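**Q** What follows is a predicted protein model with its sequence.
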Amino acid sequence: MLVTARGDAQLSKHLGPRVEEQKILSTEILVAGGGPAGLAAAIAAAREGYSVTVADHAIPPIDKPCGEGIMPDGLAALENLGVHLARDYAGAFRGIRFLGDGRQVEAQFVEGQGLGIRRTSLHRLLMERAAEEGVSMRWGASVTLLGSQSAQVGNEAMRFRWLVCADGQNSRMRKAAGLDLVRVFGKRYGFRQHFRVRPWSDYVEVHWSDCGQLYITPTGQEELCVAFITSRPDTRFSQVLREFPQVEQRLRGCEAMTREQGSITSTARLRSVSRGRVALLGEASGSIDAVTGEGLSTAFRQARVLVDAIKQDDLALYEKTHRKIMRRPQAMSRLLLLMDRTPAVRRRVLHALSADPAVFSRLLQIHTGAVSPVKLGIAGALSFGWGFMTA
């Protein structure tokens with residue numbers, strides 16, 4: 001929808017003396033950031049009948065180094081948005097397997113399977129779904145906040161009723177909206193590369209060592225995503241495989257389908273994720289270390305509850321539910337990062353879990369939201385504690 005700019009003093013200040021001759025775009029919801037989180041929110045809002053515009057300075061497909069696995073709860077959230085991931089461009093996995101210090105323990109999901117999918121393929125599917133819902137997408141267009149309900153989108157001015165900031169963990173929009181009170185800690189470094197090889201397991205494998213964690217995720221019938229997370233900034237992917245001889249042997253001679261890419265992962269917590277008619281989403285609203293594998297699933301769940309709060313004209317509801325959504329992955333992140341920082345703790349945890357795999361199964365169910373944490377039970381907690389102490 002277009003409206004004239006005549007009489008808008010706030011926008012006139014920013015657009016200059018010829019503002020009377022210009023047109024100002026108008027949208028009910030402006031989403032700044034066109035990654036998976038932003039597109040999920042746009043789809044959810046458009047399905048509720050809102051006019052939605054997504055803007056991002058990048059040009060698709062937008063990529064980001066990550067483990068590329070989506071847990072069952074994340075897939076369920078996508079299904080609710082009408083996004084269906086076909087198996088012909090993804091790799092299915094039925095659970096998680098930990099390997100390290102001579103130990104191995106695995107657990108299956110109790111509700112469906114997870115899927116590994118290239119980040120670029122996921123982005124393309126989300127863009128297609130957004131277009132089907134009538135979302136306006138403006139790529140190569142930066143967003144600059146002008147006022148409480150106006151912004152510069154590329155070379156155009158735009159009014160909005162609601163602003164969703166989904167521009168990542170280093171969000172410019174968060175700061176512009178006065179929501180940059182953030183505590184960042186536990187910065188680590190991630191690397192990712194794809195290899196042409198038939199997956200040797202239908203689990204996501206997490207290999208543990210003193211230098212970090214190596215993730216093996218099937219992303220196709222003949223393709224693997226290999227991702228490594230470490231706290232050592234000088235580590236390079238080519239050096240990593242030497243620390244994991246079993247994986248190195250399996251990948252020896254396999255074609256590298258993509259070049260090595262790196263990114264930074266950290267834990268960030270904010271005092272608030274909304275202000276007025278502005279809401280933060282995804283990593284802009286706080287992040288958890290990639291060790292949990294829950295980044296995408298968490299963002300998709302946030303997108304749904306944010307739109308529900310907008311429908312009720314009450315972002316306080318989003319604040320409350322956002323805290324609940326983040327609580328579980330934050331708790332799991334603390335445990336896994338403790339294992340990363342303290343080899344003795346890691347060895348004891350892996351020993352305790354391998355001694356009683358049922359505890360690991362219940363932990364995975366809690367991690368994916370399939371059951372409440374109380375389901376671990378006294379017996380499970382005592383079993384894990386005894387195994388930990390006697391390791």
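**A** That came through, no problem.
**Q** What's the first helix or strand after the lengthiest helix in the chain?
**A** Secondary structure of the chain per DSSP state H: the longest helix is helix 315-341. Per DSSP states H and E, helix 315-341 leads on to helix 343-355 as the next helix or strand towards the C-terminus.
**Q** buried sites along that next one?
**A** R346, R347, R348, V349, L350, H351, A352, L353, S354, A355 (16 or more other CB atoms under 10 Å). C-beta: built from backbone N, CA, C; applies to glycine.
**Q** elements contacting that helix?
**A** strand 95-100, strand 103-108, helix 315-341, helix 357-367, helix 377-390 (3 or more CB pairs under 8 Å, 6 or more residues apart in numbering; DSSP states H and E).
**Q** mind redoing it with 7 Å?
**A** Helix 343-355 sits against strand 95-100, strand 103-108, helix 315-341, helix 377-390, with contacts defined as 3 or more CB pairs under 7 Å, 6 or more residues apart in numbering; DSSP states H and E.
**Q** Tell me how far the first one lies from the chain's centre.
**A** Looking back up the chat, that one is strand 95-100. Mean-position distance between strand 95-100 and its chain equals 21 Å (CA atoms, centre = their mean, to the nearest Å).
**Q** by how many degrees do it and helix 315-341 diverge?
**A** 30 degrees (axes from the mean of the first three to the mean of the last three CA atoms, to 10 degrees).
**Q** So what are the sheet partners of strand 95-100 and their directions?
**A** Strand pairing for strand 95-100, determined by DSSP bridges: strand 103-108 (antiparallel), strand 204-209 (parallel).
**Q** okay if I get the buried residues of helix 343-355 as a markdown table plus distance to I325 and pLDDT?
**A** Formatted as a markdown table, those follow (distance: CB to CB, whole Å; pLDDT from 0 to 100):
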| residue | distance to I325 | pLDDT |
| --- | --- | --- |
| R346 | 27 | 94 |
| R347 | 32 | 94 |
| R348 | 30 | 92 |
| V349 | 25 | 92 |
| L350 | 28 | 93 |
| H351 | 32 | 92 |
| A352 | 28 | 91 |
| L353 | 26 | 91 |
| S354 | 31 | 91 |
| A355 | 32 | 89 |
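**Q** how about those in JSON lines, adding distance to Q152?
**A** Formatted as JSON lines, those follow (distance: CB to CB, whole Å):
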{"residue": "R346", "distance to Q152": "49"}
{"residue": "R347", "distance to Q152": "54"}
{"residue": "R348", "distance to Q152": "55"}
{"residue": "V349", "distance to Q152": "50"}
{"residue": "L350", "distance to Q152": "52"}
{"residue": "H351", "distance to Q152": "57"}
{"residue": "A352", "distance to Q152": "55"}
{"residue": "L353", "distance to Q152": "52"}
{"residue": "S354", "distance to Q152": "56"}
{"residue": "A355", "distance to Q152": "59"}
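**Q** gap between the residue lying closest to L350 once chain neighbours are set aside and R347?
**A** Leaving aside its chain neighbours, L350 sits nearest to R103 (4.2 Å; criterion: CB to CB, 6 or more residues apart in numbering). Distance, R103 to R347, by CB to CB, to the nearest Å: 8 Å.
**Q** quick one on the thing from earlier: surely the residue nearest to L350 touches H351?
**A** Yes: if you go by CB atoms under 7 Å, R103 and H351 touch, sitting 6.1 Å apart.
**Q** could you pull out the helices for the chain?
**A** Under DSSP H, the chain gives helices at 9-15, 36-47, 72-80, 119-132, 172-176, 237-240, 245-251, 295-311, 315-341, 343-355, 357-367, 377-390.
**Q** So which of these is the most surrounded?
**A** helix 36-47 (a mean of 28; mean count of other CB atoms under 10 Å).
**Q** re earlier: and the longest helix of the chain, what does it pack onto?
**A** strand 274-275, helix 295-311, helix 343-355.
**Q** how about the helices and strands packed on helix 343-355, which one is nearest N155?
**A** helix 315-341 (29.8 Å; CB to CB).
**Q** Show me what the mean pLDDT comes to for stretch 36-51.
**A** Taken as a whole, stretch 36-51 has a mean pLDDT of 97.
**Q** ok, now stretch 75-91?
**A** Rounded mean pLDDT across stretch 75-91 is 86.
**Q** low-scoring stretches of the stretch 251-391 of the chain, by residue?
**A** 370-391 (pLDDT under 70).
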